[in-house]
Every structure is written in structure tokens, then in C-alpha cells.
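**Student:** predicted model and sequence follow; I will ask about them next.
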Amino acid sequence: MGITIKDIAKAAGVSYSTVSKALNDSPLVKKETKQKILRVADEMGYQPNIAAKKLVSNESRTIGVVWPTVERVALTTLAAKINAALEQQKYHMLLSINPTKTAVDLFNRFQVDGVLVFGEEAHEEIISSSIPLLYYGEPGPATYPTIDVNRRKAIQLGVRHLVQLGHSRIAYIGDLNPQHSNQREKATGYTLGMEEAGYSHLHEAVDSRGLSWQAGYQAVKQLLSKKKPTALISASYDLTVGIIRGIKELHLTIPQDISLVSYDHIPEMEKLDVPVTAVGTPVQTIATEITNHLLQLASGKKVPPAILDVELFQRQSSRSPE
DNA sequence: GCCCGACGACTTAAATACAC
DNA sequence: GTGTATTTAAGTCGTCGGGC
């Protein structure tokens, strides 16, 4: 059993009602008394009991997040930003790495105020929840709202950028599994971008069969053993890490021998061996939008589906072909 | 199956203590 | 007597276990 306001009341020599008021910054408690109570609470390591608060306020100020993988850097960055945004609103975040249905059931039992589902894979199970759910990425059941990045437009932007630089032999490396609709969107963006530029005949999409750095490494080796594109578009940050490694091992340089544009608009792109041109929605914007949506859902409001606009952030990895 | 009490945090109204 | 600070008591919330 942890420290309760009754323990603090006893230690501070006041009633628990006064402790409650002091902890909630009530003007009905004298400044000196309030400071003393806060000091005692701090010394005793007091942490409010979320379950008890929920009984009174009917809100836990906690958001559950169904976490698909701990391996993807872009998602880890996004989760950290969401956590920071929720903290600013005095909310807490709980992560579950259980399968979606198990995690949602668990969060229902914990009575969190809302649940964010990272839809990285197709949702075959029908999830039912009395708590508001928000899906990011892969859409969930039609009854729940979805927020996503315009992935198709992002990759199209990348193709346009490379075409404007003078590239025509532009290849794409990404997960081409038709069951993953958000990955399919990126591949469609590539196809449309190539069509728009009149380069359909140069279309070269390589299935990385996953989004890990290893997948990117294997895919780029496979591609460059047969073809010699002047530019590459990668479908994710992790793939990009593997692609850079593969290109380096083949004694090619970025961007002199091959230009590179990557999906995932995250600050980590700046820190790679070669700072990489990125397309997508800035991760901070995604985090802010997701947080706003979650808090609206938690307060009982309805939110429409949202598709976030994208941008291109040019760095050293892309330039005109030599 | 129904009722009741307990759990912890919180609110509120009423009562009390104390200084001026 | 008045005003301020604090205490007391009661009630609320959802869930669970125990007693009848």
C-alpha cells in the first residue's frame, strides 16, 4: 500500500481534507500550510492513486497506447513526442506490446480515458471497446476514427523532387505486401509520381518484405546487383539505415553516385552518415494532432477522420545526377 | 441474488478554533 | 463580534468480497 493523503495528513498534523485542498492548490488553505503539506508529500514520495481519482472525477487522465514494435525508430520517436504532449496536458501514457485485442481489453479494464492504436498491420479482429479508440495509420473498424499521414502524397513529393533535380531512373524500396494498406499507399505514390513524370517505363519497385534496417540492407544489395538507378526512395527511416549501409559496402557514395529520399520526417534523418532528405508530416505535428484528437475523444467529443498534409525537407542526400 | 461495507481521493456544508 | 483558517462529517464514484 502506497502513501495516501491520510498518511500525509498525519505527518503534517492537519486533516486529510486540508491535504486534499492543498494538493489541489485550493485558495482555502493558507500559503504556509500549503507549502508544508507539499513538502511533506514530496518527502514521503506521495503519488496520487489514479484509480481513486477516477472514482470521483470519472477520468483517469491516462491514455493507453497499443504498441506494435519496439524496433522501429520512427514510431519510438513518435511515441516519445506523444508522451511529451500528453504530459503537457497533465495526462499519463500507458504502453502495451500485447496484440491489439488483448491490449484494448486490458485498457478497458484499467479504465483509461482513451486508446491509441498504431495500425501497422491489418486488423482482422473486430475490436469492441467502451473507451474511445483512435487509430493511427492502418484504419481500424469503421466505427472508430483514424488519423493518418498522406503517405501517397509524401512519396509522390519525393519523386517530384528527384525528377526536378534531373533524375529519371528512380527506384523505390518498401514493403509491397498488399495487406498493409499504409505501405501500399506509399508504393502507389511512387507509381503515380513516375507516371506523372512520364517515367512509367523506368518503374522499379523492390519489395523489402519488412521495414527493418536489415530488410533495407538486403533490398538495396539485391537492387544494385542488377540495376543502376541514379536515385532511390526509401519507405521508412529504418530501411534507410540499411540502405545507406548497403550502398557504402558497394563503395558508392550518397549523393554523388546515388541520391536518396526517405519517408519519415523525423529529426534522426539529420544524424545519419549523410543527412537524408525526408518526406512526410513532421513527427512533432503528428504527435500534436494525435494528442489533440485523443483528448477530444476522451472528453466525449466526436472527431472526424484526419489525413495530415506532408512536406519535403531537403538535406545533403539528394542532388542532380552527375 | 441482494445488501452492505471497504477502498482512496475529493467536494461541500457546517462546525470549531483562533487572532484581532 | 468578525473574519479567516482549519476540521469534521457526510456523501460520491466503481468494484469486490462477505454475510445473509
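**Tutor:** Nice, thanks for sending it over. Source: prediction; values computed, not measured.
**Student:** and the contacts of the host helix or strand of A:Lys6?
**Tutor:** A:Lys6 belongs to helix A:5-12 when elements are defined using DSSP states H and E. Helix A:5-12 has contacts (C-beta atoms under 8 Å, 6 or more residues apart in numbering) with A:Ser15, A:Tyr16, A:Thr18, A:Val19, A:Ser20, A:Leu23, A:Lys36, A:Ile37, A:Val40, A:Ala41, A:Met44, A:Tyr46. C-beta here means a position set from N, CA and C on the backbone, and glycine is covered the same way.
**Student:** ok, A:Val220 to DNA strand B distance?
**Tutor:** Per C-beta to the nearest atom of the strand, to the nearest Å, A:Val220 is found 54 Å from DNA strand B.
**Student:** any idea which element the residue nearest to that residue when sequence neighbours are not counted lies in?
**Tutor:** Once flanking residues are discounted, A:Val220 sits nearest to A:Gly246: 3.8 Å by C-beta to C-beta, 6 or more residues apart in numbering. In this assignment (DSSP H and E), A:Gly246 forms part of helix A:237-249.
**Student:** name the helices or strands packed onto that helix?
**Tutor:** Using 3 or more C-beta pairs under 8 Å, 6 or more residues apart in numbering; DSSP states H and E, the elements in contact with helix A:237-249 are helix A:73-88, strand A:170-174, helix A:213-226, strand A:231-234, strand A:259-263.
**Student:** winner for burial among the ones you listed?
**Tutor:** Sort these by mean neighbour count, taking mean count of other C-beta atoms under 10 Å, and strand A:231-234 sits at the top with a mean of 30.
**Student:** other SSEs contacting it?
**Tutor:** Under the contact rule (3+ C-beta pairs under 8 Å, 6+ apart), strand A:231-234 is packed against helix A:151-165, strand A:170-174, helix A:213-226, helix A:237-249, strand A:259-263.
**Student:** for it, list the C-alpha coordinates in PDB.
**Tutor:** This file holds the C-alpha atoms of strand A:231-234, laid out as PDB (Å, rounded to 0.1, in the frame of the first residue of the first chain):
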ATOM      1  CA  ALA A 231      18.100   7.900 -57.200                       C
ATOM      2  CA  LEU A 232      16.300   5.900 -54.500                       C
ATOM      3  CA  ILE A 233      13.200   6.400 -52.400                       C
ATOM      4  CA  SER A 234      13.000   4.600 -49.100                       C
END
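**Student:** strand partners (parallel or antiparallel) of it?
**Tutor:** For strand A:231-234, the pairing partners within the sheet under DSSP bridges are strand A:170-174 (parallel), strand A:259-263 (parallel).
**Student:** what does the first one rub up against?
**Tutor:** Same thing as strand A:170-174. A:155, A:159, A:162-163, A:183, A:186-187, A:190, A:194, A:199, A:202, A:204-208, A:211, A:216, A:219-220, A:223, A:227, A:229-236, A:239, A:243, A:263.
**Student:** thank you kindly, that will do.
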